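>>> Turn this into a model:
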Amino acid sequence: MSGQDQASGLRKWANLQRQQQQTEDAVDVAAAEHVSEHTSPLLSPTVATVEETTILAPPRPKIPLIVVGLPGHGAAQVNKVKARLGQWSTQGRSWAGTPDDWDIRAVMAETADLAQLREQYSRWALWINSDADAFAAMYRTLRQLHERGGPRRLLALHEPNLPRQGLLDNLRGAAEYYLNMELLVLAR
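This is a model prediction of the structure:
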């Protein structure tokens, strides 16, 4: 058998395969278009309607942040903390997320179960006021935390325009030197 005969045979075979495929497709289309009225519902295929379902992602759990040093409790105090976290977030600090990612819990430093709270929660912050008595009040709060078994590491939350030099640095230094506590002051 020569090479030309073999190629000719393959072409004939390929053409025959195409013709058979086309006739099978035509038969399938014709069969699909004709539906008998007497067909049993069990034998006829059913078309299921696909409803668009909106897949809702489960809500992300909020990150608890225990804040001491706030001048009071309530929504106004929580909003101050969330506003500060929001400012840090807009400055590109990705760890701050969005303010709604946080579950802000105001705790007084005098709380009797401070050691239990420290075991239960890992994120703590100290709200630092900027009034004239701020250093004395914040140092007193840190001392109470130290005496009652509170956290040894806190984030310094403060008003955005409070300079690092002065109150923040002095408070951080006193906490470290006298109380063996770390007060994290974020640079601008």
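>>> C-alpha from now on. contacts and neighbour counts both.
Will do.
>>> okay, which residue is most central for the chain?
With distances taken as CA atoms, centre = their mean, R60 lies nearest the centre of the chain, 5.7 Å away.
>>> Now do that residue against T98, distance only.
12 Å (CA to CA, to the nearest Å).
>>> re earlier: that's a helix at the residue nearest to the centre of the chain, yeah?
No: per DSSP: H, G, I helix; E, B strand; the rest coil, R60 lies outside any helix segment and is coil.
>>> give me the number of residues near the residue nearest to it when sequence neighbours are not counted?
Of all residues beyond its chain neighbours, the one nearest R60 is D101 (7.8 Å), with distances taken as CA to CA, 6 or more residues apart in numbering. For D101, the neighbour count with other CA atoms under 10 Å is 15.
>>> and D101, what does it touch?
Residues in contact with D101 (CA atoms under 8 Å, 6 or more residues apart in numbering) are 60-63.
>>> Look up the pLDDT of the closest residue to R105 other than its chain neighbours for me, please.
Closest residue to R105 apart from its sequence neighbours, by CA to CA, 6+ apart: I66 at 4.9 Å. With respect to pLDDT, I66 scores 96.
>>> can you check the one 3 residues further on too?
Reading off the confidence values, G69 has pLDDT 93.
>>> Give me the phi and psi for the residue lying closest to it once chain neighbours are set aside.
Excluding the flanking residues, the one nearest G69 by CA to CA, 6+ apart is W127, at 5.0 Å. Per-residue torsions, W127: phi -80, psi 120 (degrees, to the nearest 10).
>>> so W127 bridges to which residues?
Beta-bridge partners for W127, by DSSP bridges, are L157.
>>> burial of it, as a residue count?
22.
>>> give the contact list for it.
So W127 contacts 67-70, 81, 156-158 (CA under 8 Å, 6+ apart).
>>> likewise R172?
182-185.
>>> hang on, the earlier thing: what's the farthest-apart pair in the contacts of D101?
R60 and I63 (9.0 Å; CA to CA).
>>> quick one on the thing from earlier: for PyMOL, write the select line for the buried members of the contacts of W127.
With 16 or more other CA atoms under 10 Å as the criterion, this PyMOL line picks the buried residues out of these:
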select buried, resi 67+68+69+70+81+156+157+158
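>>> For the chain, which segments are assigned as strands?
63-68, 102-106, 124-128, 153-158, 182-184 (DSSP state E).
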